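A.B. asks: What follows is a protein structure lacking sequence information:
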């Protein structure tokens with residue numbers, strides 16, 4: 001079933017209830033939680049595609065295999081269209097979005113949307129603006145002042161204040177968000193219990209095969225009517241020529257930990273997290 005937000009099998013009634021919902025005009029306060037057992041899995045960086053089905057008119061979404069450094073039929077199809085520079089075809093494929101997001105476990109201190117989340121471990125889904133703030137704290141300009149403090153639940157730790165505003169286009173913007181000065185958590189919660197309550201981030205979204213995604217593209221975007229037979233990557237008019245595919249750079253042999261870097265000499269975020277968590 002592809003007709004759902006991020007695929008029905010991924011979130012319905014399960015992990016989705018653990019996601020925080022951020023709304024424009026509100027400010028949230030959280031403390032980031034590290035994966036102390038597997039520090040490199042503290043953050044989950046992923047790509048996903050979504051569009052409205054031409055068959056059902058419902059939202060179709062799937063995890064992009066580029067998340068794991070693998071070939072993606074949607075990426076290849078889009079690349080082929082743009083390479084051919086057919087303006088009509090380029091306009092046609094614009095509804096297929098490819099979004100980049102991250103997941104993190106957080107201890108919720110203030111949640112004006114759902115106060116019941118306060119004092120609980122939840123999952124924060126965020127985009128490039130918050131990632132820039134978090135990455136700067138881990139391995140960028142703010143690392144000397146922040147670093148491990150953003151994952152520390154003691155009085156030495158820093159909260160992340162997420163301020164959701166509106167940009168000129170009417171979309172939410174998070175640029176005013178920042179880490180606060182060190183402070184203890186209210187209510188004297190059990191720190192070890194909080195650290196042990198984190199949720200696995202790398203198995204929330206179903207990892208569908210190349211053939212399954214190709215089939216979804218053919219049926220729900222290109223309008224092909226045969227839904228009974230999975231599409232072969234080499235036996236369909238949609239993918240007549242096999243394109244050269246350059247996967248995103250990864251910092252680990254594990255397919256679960258994708259981090260892109262523009263500078264090969266830059267210390268990968270996952271490695272830096274592992275380093276700064278040694279004393280926690």
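C.D. replies: Cool, the structure landed. Given the structure is predicted, the values throughout are model-derived calculations rather than measurements. Numbering: from 1, shown residues only.

A.B. asks: Let me see the ranges of the strands in the stretch 51-200 of the chain.
C.D. replies: Shown for the stretch 51-200 of the chain, the strands assigned by DSSP state E, counting those that start in this stretch span residues 59-63, 97-110, 121-126, 160-163, 165-166, 172-173, 178-179.

A.B. asks: Please name whichever of the ones you listed is nearest to residue 217.
C.D. replies: Nearest of the strands of the stretch 51-200 of the chain to residue 217, taken as C-beta to C-beta: strand 59-63 at 9.1 Å. Using the backbone N, CA and C atoms, a C-beta is placed for each residue, glycine as well.

A.B. asks: model confidence over that closest one, on average?
C.D. replies: Strand 59-63 shows a mean pLDDT of 92.

A.B. asks: so what secondary structure elements neighbour that strand?
C.D. replies: In terms of contacts (3 or more C-beta pairs under 8 Å, 6 or more residues apart in numbering; DSSP states H and E), strand 59-63 is packed against strand 43-52, helix 210-220.

A.B. asks: any idea how far the residue nearest to residue 28 when sequence neighbours are not counted is from residue 130?
C.D. replies: In this structure, residue 28 finds its nearest non-sequential neighbour in residue 162, 4.3 Å apart by C-beta to C-beta, 6 or more residues apart in numbering. Going from residue 162 to residue 130 by C-beta to C-beta, to the nearest Å gives 7 Å.

A.B. asks: Give me the common contacts of the two.
C.D. replies: By C-beta atoms under 8 Å, 6 or more residues apart in numbering, residue 162 and residue 130 have these common neighbours: 174, 177.

A.B. asks: which of the two has more neighbours?
C.D. replies: Legend: neighbour count by other C-beta atoms under 10 Å for residue 162 and residue 130, higher for residue 162 (23 against 20).

A.B. asks: That one touches residue 174, doesn't it?
C.D. replies: Yes - if you go by C-beta atoms under 8 Å, residue 162 and residue 174 touch, sitting 6.4 Å apart.
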